[in-house]
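Colleague: structure of the sequence below:
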Amino acid sequence: MDRIALFNDYLHRQGLKNTSQRMAILERFLRSKSHYSTEDLYLKLRKDHPKIGYATVHRTLKLLAECGIAVELNFGDGQTRYEPVKADQHHDHLICTSCGKIIEFSEPRIENLQEQVARQHDFIIHSHRHELYGQCAKCAAENR
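Modeller: Numbering: from 1, shown residues only. Below you'll find the predicted structure:
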């Protein structure tokens, strides 16, 4: 099932209507290559959809997470971010504690090592998040 149909089905099961504002939020979110906070997405949408409110964006992001289209991410800075779920594209994150930059990466050796450790402990991994905190190259250079 495609994500738009999934969202429509979820809204229907929850007794909610799919509005043009929700669809605009969903479409913009799905095109994202970023990790959006409610404010980030609201500011992007406001240019083309000035009648969409902050609360509508926030509630819609929550609905997207509830129905499995988005994942909520908390990187320790007090701000919840959302990114689209991509079933076949697992990745991890490098988070700059100075400027907030988020870098996505995939490393098969880390994935293999996690599986090996799980097997050694007779453990089945259902999901995981790998986040590394530090400074990006630009911030590290500025602090030298």
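
Colleague: name the residues that touch stretch 4-17?
Modeller: Contacts to stretch 4-17, defined as C-beta atoms under 8 Å, 6 or more residues apart in numbering, come from residues 1, 18, 22-23, 26, 63-64, 66-69. C-betas here are computed from N, CA, C, even on glycine.

Colleague: quick one, which of the residues you listed has the minimum pLDDT?
Modeller: Among those, Met1 carries the lowest pLDDT, at 57.

Colleague: contacting residues for the nearest residue to Cys99 once chain neighbours are set aside?
Modeller: Nearest non-adjacent residue to Cys99, counting by C-beta to C-beta, 6 or more residues apart in numbering: Cys139, 5.3 Å away. Counting by C-beta under 8 Å, 6+ apart, Cys139 touches 96, 98-99, 101.

Colleague: what strand or helix carries Arg22?
Modeller: Per DSSP states H and E, Arg22 falls inside helix 20-30.

Colleague: which SS class is the residue most central in space within the chain?
Modeller: Centroid check for the chain by C-alpha atoms, centre = their mean gives Glu83 as the closest residue, at 1.8 Å. The three-state label given to Glu83 by DSSP: H, G, I helix; E, B strand; the rest coil is strand.

Colleague: which strand residues bridge it?
Modeller: Beta bridges link Glu83 to Val71, judged by DSSP bridges.

Colleague: in CSV, list the contacts of Cys139 along with distance to Gln114.
Modeller: Putting the contacts of Cys139 into CSV (distance: C-beta to C-beta, whole Å) gives the following:
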residue, distance to Gln114
Cys96, 24
Ser98, 28
Cys99, 28
Lys101, 25
